[in-house]
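In: I would like the atomic coordinates for the input below:
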Amino acid sequence: MAIDKITVDVKIEGEARATEILADLRSVAETLFYPMKLVGFWDYQADMHLCPQEERRQTCPHKLPPDHAEHVEYVSTLQRERRASIELSFPHAGITIFLS
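Out: Numbers count the residues shown, from 1 in each chain. The predicted model follows:
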């Protein structure tokens with residue numbers, strides 16, 4: 001099953017600045033798609049993600065080069081292990097949140 005991909009593009013005219021805090025964006029995502037909940041995220045600026053393999057004290061296969069034999073796409077892991085069905089991207093913050 002394909003994951004639904006949604007982009008929340010925040011455009012600002014003026015001095016205001018949209019939040020880039022993961023907890024705030026999680027609240028936005030879960031409010032927009034209630035009753036769905038966060039099952040993963042990737043913060044590209046901090047180069048950090050919620051990794052099921054690392055939670056099990058295994059090696060993370062998501063940061064390996066794409067041509068590496070043990071590389072696994074993060075979204076594939078979340079779909080298989082956590083039933084992620086929505087990929088919600090916040091380009092202004094460099095964060096993608098996955099919901100199930």
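In: gap between Leu32 and Leu38?
Out: 12 Å (Cβ to Cβ, to the nearest Å). (C-beta placed from N, C-alpha, C; glycine too.)
In: more neighbours, the two?
Out: Of the pair Leu32 and Leu38, Leu38 is the one with more neighbours under other Cβ atoms under 10 Å, namely 19 against 13.
In: can you check the pLDDT for that one?
Out: pLDDT for Leu38: 98.
In: how about the one 10 residues further on?
Out: Met48 is assigned a pLDDT of 95 by the prediction.
In: ok, now Glu73?
Out: At Glu73, pLDDT is 95.
In: the one 4 residues further on now?
Out: At Thr77, the model reports a pLDDT of 95.
In: any idea which element it lies in?
Out: Applying DSSP states H and E as the criterion places Thr77 in helix 74-82.
In: quick one, the helix or strand following that helix and helix 74-82 angle?
Out: Sequence-wise, the next helix or strand downstream of helix 74-82 (DSSP H and E) is strand 86-90. Strand 86-90 and helix 74-82 meet at an angle of 140 degrees, taking axes from the mean of the first three to the mean of the last three Cα atoms, to 10 degrees as the criterion.
In: mean confidence (pLDDT) on strand 86-90, please.
Out: 98.
In: in it, what counts as buried?
Out: Ile86, Glu87, Leu88, Ser89, Phe90 (16 or more other Cβ atoms under 10 Å).
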